[in-house]
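Colleague: Provide a 3D model corresponding to the input given below.
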Amino acid sequence: MFMKHAHHFHAYQPGDIVYVKNDDGSGPVEYEERKSPVTIKIREEEVRGENWTRVMLYSYEHISEALSGMKGISIDIEPFTLFMLLRYRRGAFEDAVELLRKFDAVPTTPFHPIVPHMDRFEQRILAKISFDFYAPLIGKKDVTGYWLPEAVITRESASIVESSTDKKLVFLLDERQLLYDFPQAKHSCNSYGNSFVFGREWSLSDAFAFNTTDVQGLISATLSHRDDYKENLGVPYLIFTASDLESLLGNPRQLDRFIAWMEGLEGNGVERVSAMEFVRRKLSGEFRRLEGECSFEMGVKDYSSWSDYFDLSLDGKTSDSRWLGYRRADGKVFAREAFGRRISQIWKVAFTRLFTELNRAVRLGVLKGLEELGVGSSEAEEFLVRYARIFFRDYYDYFGMDTSPDYVLEPASGDREALKLARTYYLMLLANHSCPRFWENLDTRVAFGNVSIVTKALMELINYFDGNELRNLFIEAYLKVLNFKELYHVWNLSSLQSLEGWETTEKAWNDALRSEVPNSGYNVVTRAALYVGKRDLKGSLKVLIEPYNLEWAVADTGHIPGEAHGHWNNSEWCEHRG
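Modeller: Numbering: from 1, shown residues only. As a prediction, the model looks like this:
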């Protein structure tokens, strides 16, 4: 059979950071974590951690062991996740590194932001860091994959990634993002700009991830994609599937289901090769090509993704509406259901705009600070890329890469004061995880984490620019975070259109922001801003939080719907036993 099969696993844990500790920027980030014990079951073993992130990281030991004998797999692990794995579970980290070297390691954007939602400056920084970080894992391979978080892509964002490497790239996407112009392009080697692109079979991928089909059903569904035309010509073609690595933990038997699925395909004569290996063999001539194959230009819908709310689609393709809170096609704010209640996603509109403004403020402050140290614009960009060697120092040290201050500070003329500014910039990047806007309810541990971290970045700039008129910019930014609830009126959100007619009302806004924990009446954004502010604000600046009840400045949050299968010590809310 000329059918080939590949599966990609995307691995990402946002962390359970509740507070970033003070530091001068000369070492890796240190932080306090949420203490909310939870247990999951893998096969017959219970895996327990002090928070969701830890239990997911601990589970990687089981995953690595189970996948070690597989073929045709590619994996991306978000850099901060790998950094945490090395910090907390060195054995699991080493197993993961071996797995990444055995399979096709796929670089991915650090900190898991929605890349096209970031400024071009941040996109360039992040793309360069991703290839520097993954250099020990991809080696001299001339063809490598690339995973954009949530697969949200635009032609401009893809071009920035392409310009950051001399390797041939394969962007791994979802078939609902692709614009097929001719049938032979299906399951073939297709170009996209200067790169290549594959779209996963989404219904087949979801059937595995969400356990809606048994193993024999998965095998039969895969084999049903047989292409008799290409079989008769002797032209190899690829059935590509993908899922989160955590989909292997959805129930105690998921690992065994995946292994049985893969072995069943091999038993039916389906060779298993990664998407990148498939492209390599096509380009080398080892795999026969259709006429023009690997030159077919594949259209990709800008701002499409692999995990959008597909039921809101008006064109049969995905978009980034899930992270915007409104349907990109017509600008209408919509509602979703979580824990039995309909929640307007208007909070995502404000959350997105807020972080856009906060990112801009932090970038301005960092670049202004570097300019005052005599660092030019091109040198500043290079310095901020190199700072990854300090922020993720343990990881780079593991591979024997240069993490010396001399190397990192060379573009900044060796001025150690620049380290403080680079740290602040990286905190801003760390605060842009996509996960808060993935879920339907605002009051989650991941939203708290993003706000806590970006608040810390603002606090550092407030301190750095003490006595400078620029300081007021960061104080005002902090007040905007603190008064998140009032942004409904400040930004006139009631003027937005809504899908059902109620989603942009003040009542809908207040309901979306309401606290899900019994020990605080503040929304999670205000709660996180206060949690950091009460520890970091000094002297006369304490007046900023005097009107607030600081007993309500707690790190407790509501639970995330997708984590309900965990056995939580506190199933009512996601506590922090500080």
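Colleague: residue contacts, residue 252?
Modeller: 41, 42, 43, 44 (CB atoms under 8 Å, 6 or more residues apart in numbering). For glycine as for every other residue, the C-beta is placed from the backbone atoms N, C-alpha and C.
Colleague: what's the answer for residue 231, then?
Modeller: Under the criterion of CB under 8 Å, 6+ apart, the neighbours of residue 231 are 1, 2, 3.
Colleague: quick check: which of those residues has the minimum pLDDT.
Modeller: Lowest pLDDT within those is found at residue 1 (92).
Colleague: tell me which residues in stretch 325-334 are buried?
Modeller: Neighbour counts using 16 or more other CB atoms under 10 Å place 325, 326, 327, 328, 332, 333, 334 of stretch 325-334 among the buried residues.
Colleague: that one: end-to-end distance?
Modeller: 7 Å (CA to CA, to the nearest Å).
Colleague: so which residues make contact with that stretch?
Modeller: Under CB under 8 Å, 6+ apart, the answer for stretch 325-334 is 303, 309, 312-315, 319-321, 344-349, 351-352, 437, 496-500, 503-504.
Colleague: show the buried residues in those residues.
Modeller: Listed as buried from these are 303, 309, 312-313, 319-321, 344-349, 351-352, 437, 496, 498-499, 503-504; burial here means 16+ other CB under 10 Å.
Colleague: among the contacts of residue 231, which one has the most neighbours?
Modeller: The most neighbours of any of these, using other CB atoms under 10 Å, belong to residue 3, which has 21 neighbours.
Colleague: secondary structure class for residue 4?
Modeller: Following DSSP: H, G, I helix; E, B strand; the rest coil, the label given to residue 4 is strand.
Colleague: that one against residue 241, yeah?
Modeller: No. Using CB atoms under 8 Å as the test, residue 4 is too far from residue 241 to be in contact (11.8 Å).
Colleague: who wins for most neighbours among the contacts of residue 252?
Modeller: Counting neighbours by other CB under 10 Å, residue 42 comes out on top of the contacts of residue 252 with 20 neighbours.
Colleague: look up phi and psi at that residue.
Modeller: Note on residue 42: its backbone torsions stand at phi -120, psi 120 [degrees, to the nearest 10].
Colleague: other SSEs contacting the host helix or strand of residue 128?
Modeller: Element membership of residue 128, judged by DSSP states H and E, is helix 120-138. Contacting helix 120-138 under the criterion 3 or more CB pairs under 8 Å, 6 or more residues apart in numbering; DSSP states H and E are the following elements: helix 79-88, helix 90-102, strand 104-105, helix 155-162, helix 346-372, helix 377-386, helix 388-391, helix 417-430.
Colleague: please repeat the previous calculation with a cut-off of 7 Å.
Modeller: If you count contacts as 3 or more CB pairs under 7 Å, 6 or more residues apart in numbering; DSSP states H and E, helix 120-138 packs onto strand 104-105, helix 155-162, helix 377-386, helix 388-391.
Colleague: tell me the strands beside the very next helix or strand once past the second one, with direction?
Modeller: If I follow you right, that is helix 155-162. Moving toward the C-terminus from helix 155-162, the next helix or strand (DSSP H and E) is strand 168-174. Under the criterion DSSP bridges, strand 168-174 sits next to strand 143-146 (parallel), strand 195-200 (parallel) in its sheet.
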